[in-house]
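Chemist: Got a sequence here, can you build the structure:
(one chain, ligands or ions: 3)
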Amino acid sequence: MSAQTCSHLDQIELDDVPARADVPGCEECLKSGGRWLHLRVCRTCGKVGCCDSSPNRHASGHAREASHPIMSSIEPGEDWSWCAIDEVAFILE
Ligand SMILES: [Zn+2]
Ligand SMILES: [Zn+2]
Ligand SMILES: [Zn+2]
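Modeler: Numbering: from 1, shown residues only. Ligands and ions are numbered 1, 2, ... in the order given. Next up, the predicted model:
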């Protein structure tokens, strides 16, 4: 782990990450009929997107397009977050 930290924590508007079981899937993939591997949620607006191992990488795409840098994994047993600008992973309290 690097000592680098995220400077965008003030952009977090979504306090609670949804449970994986309550989310139908990647919002964009559901619209386009795409497939996804793992899901991330935007911590600014709550949009659910697919991970960078998925073909369409909607979570990273959303982070870039909407300037919402912080996403969190909603996969069971995963509690890490990722800042797409600082490119740093961390665990939110
Ligand atoms: Zn950051
Ligand atoms: Zn997707
Ligand atoms: Zn967002």
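
Chemist: pLDDT (mean, whole number) over stretch 36-52?
Modeler: For stretch 36-52, the mean pLDDT works out to 98.

Chemist: what comes up buried for that stretch?
Modeler: 36, 38-44, 47-51 (16 or more other Cβ atoms under 10 Å). Bear in mind the C-beta positions are built from the backbone N, C-alpha and C, glycine included.

Chemist: could I get these as TSV with distance to residue 92 and secondary structure?
Modeler: Putting those into TSV (distance: Cβ to Cβ, whole Å; DSSP: H, G, I helix; E, B strand; the rest coil) gives the following:
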residue	distance to residue 92	secondary structure
36	23	coil
38	18	coil
39	17	strand
40	13	strand
41	12	strand
42	14	strand
43	8	coil
44	13	coil
47	18	coil
48	17	strand
49	18	strand
50	21	strand
51	18	coil
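
Chemist: Looking at the residues you listed, spot the one nearest ligand 1.
Modeler: Here the nearest of those to ligand 1, counting by Cβ to the ion, is residue 43; it sits at 10.6 Å.

Chemist: filter the buried residues of stretch 36-52 by proximity to ligand 3?
Modeler: Counting by Cβ under 5 Å from the ion, the subset of those that neighbours ligand 3 consists of 42, 44, 47.

Chemist: Touching the lengthiest helix in the chain from outside, list them.
Modeler: Longest helix in the chain by number of residues (criterion: DSSP state H): helix 58-66. Residues from elsewhere that reach helix 58-66, judged by Cβ atoms under 8 Å, 6 or more residues apart in numbering: 26-29, 36, 39-40, 42, 44-45, 47-52, 68-71, 84-85.

Chemist: Where do the helices of the chain begin and end?
Modeler: Going by DSSP H, the chain shows helices at 27-32, 58-66.

Chemist: Could you report the distance from the residue nearest to residue 6 when sequence neighbours are not counted to ligand 2?
Modeler: Of all residues not flanking residue 6 in the chain, residue 83 sits nearest, at 4.1 Å (Cβ to Cβ, 6 or more residues apart in numbering). Noted for residue 83: a distance of 20 Å to ligand 2, by Cβ to the ion, to the nearest Å.
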